[in-house]
Every structure is written in structure tokens, then in C-alpha cells.
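A.B. asks: Structure for the following, please:
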Amino acid sequence: MAAPKLFACDFEVFGIVQGVFFRKYTEEHANALGVRGWCMNTKIGTVKGQLEGELEPLNQMKEWLQTKGSPSSMIEKVEFSPTKSIKNYTFNKFSIRR
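C.D. replies: Coordinates of the predicted model:
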């Protein structure tokens, strides 16, 4: 059986995404999808991070970041780096960095 094809990208979410449990919901959703990586608050009021996973769950996570987020968040826009192919996971799970 062939190893799964893995992909990675960086993201940054703009809008009202701090103080609204955005990172907690992001962590829960990513782990539910099996997407690995991390997210953190930035000094400029955004949430940024990295995603790693198979293409379908990765794309589902990207769509969630653009359209859903946490219930109280107001997402203005999300910037993603180009999705690149990776050989192996760099992270064991999705986590919040402080």
C-alpha cells in the first residue's frame, strides 16, 4: 500500500479572530479531520499557523478557516501560502502555540 500523499501550507486569518476561542475551535476541527500543524495569535490581531495532511482534509480545513471559524469570530480574509507536497509529517497533531 502506498504511503498517503501529504501536503502542507501556511495560513493567516484576518478579522475578529482573537478573544473568540478561534484557536481552540481551529485545534478541535483540525484534529477531528486528522490535519496536523499549529496556530497562534500574532501581535497584529491575526491568527497564523501551518497545516499538514492529505489533500482532501487539508482542503476541508482551509475552507473551514475561510468560512466558519469559531462561533463568535468574524473572518475578513484568509491568506494561504501555495500548497506544497511533503514527504513526512513534521507534527504529531494540531496544537496551539503561545
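
A.B. asks: CA only for contacts and neighbour counts going forward, please
C.D. replies: OK.

A.B. asks: Show me the strands in the protein, by range?
C.D. replies: Using DSSP state E, the strands of the chain run over residues 6-16, 36-41, 47-54, 74-80, 84-86, 94-96.

A.B. asks: Let me have those in TSV, adding distance to E27 as columns.
C.D. replies: Below are those laid out as TSV (distance: least, CA to CA, whole Å):
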stretch	distance to E27
strand 6-16	14
strand 36-41	8
strand 47-54	11
strand 74-80	17
strand 84-86	21
strand 94-96	6
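
A.B. asks: Among those, which comes closest to E28?
C.D. replies: Smallest distance to E28 across the strands of the chain (CA to CA): 8.3 Å, for strand 94-96.

A.B. asks: Would you mind listing the buried residues in that closest one?
C.D. replies: 94-95 (16 or more other CA atoms under 10 Å).

A.B. asks: what's in contact with it?
C.D. replies: With CA atoms under 8 Å, 6 or more residues apart in numbering as the test, strand 94-96 has contacts from 23-24, 27, 30-31, 35-40.

A.B. asks: Low-confidence stretches in this protein?
C.D. replies: Low-confidence segments of the chain, defined by pLDDT under 70: 1-2.

A.B. asks: Try it again at 90.
C.D. replies: Along the chain, segments meeting pLDDT under 90 span 1-4.

A.B. asks: Find the residue at the geometric middle of it.
C.D. replies: By CA atoms, centre = their mean, the mean C-alpha position of the chain lies nearest to L51, the distance being 4.9 Å.

A.B. asks: returning to what we had before: now the contacts of strand 94-96: which count as buried?
C.D. replies: So, of the contacts of strand 94-96, 23, 27, 30-31, 35-40 end up buried under the neighbour-count rule (16+ other CA under 10 Å).

A.B. asks: Serialize those to JSON lines and add fields for distance to S81.
C.D. replies: Formatted as JSON lines, these follow (distance: CA to CA, whole Å):
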{"residue": "R23", "distance to S81": "19"}
{"residue": "E27", "distance to S81": "19"}
{"residue": "A30", "distance to S81": "18"}
{"residue": "N31", "distance to S81": "21"}
{"residue": "V35", "distance to S81": "16"}
{"residue": "R36", "distance to S81": "16"}
{"residue": "G37", "distance to S81": "14"}
{"residue": "W38", "distance to S81": "15"}
{"residue": "C39", "distance to S81": "14"}
{"residue": "M40", "distance to S81": "16"}
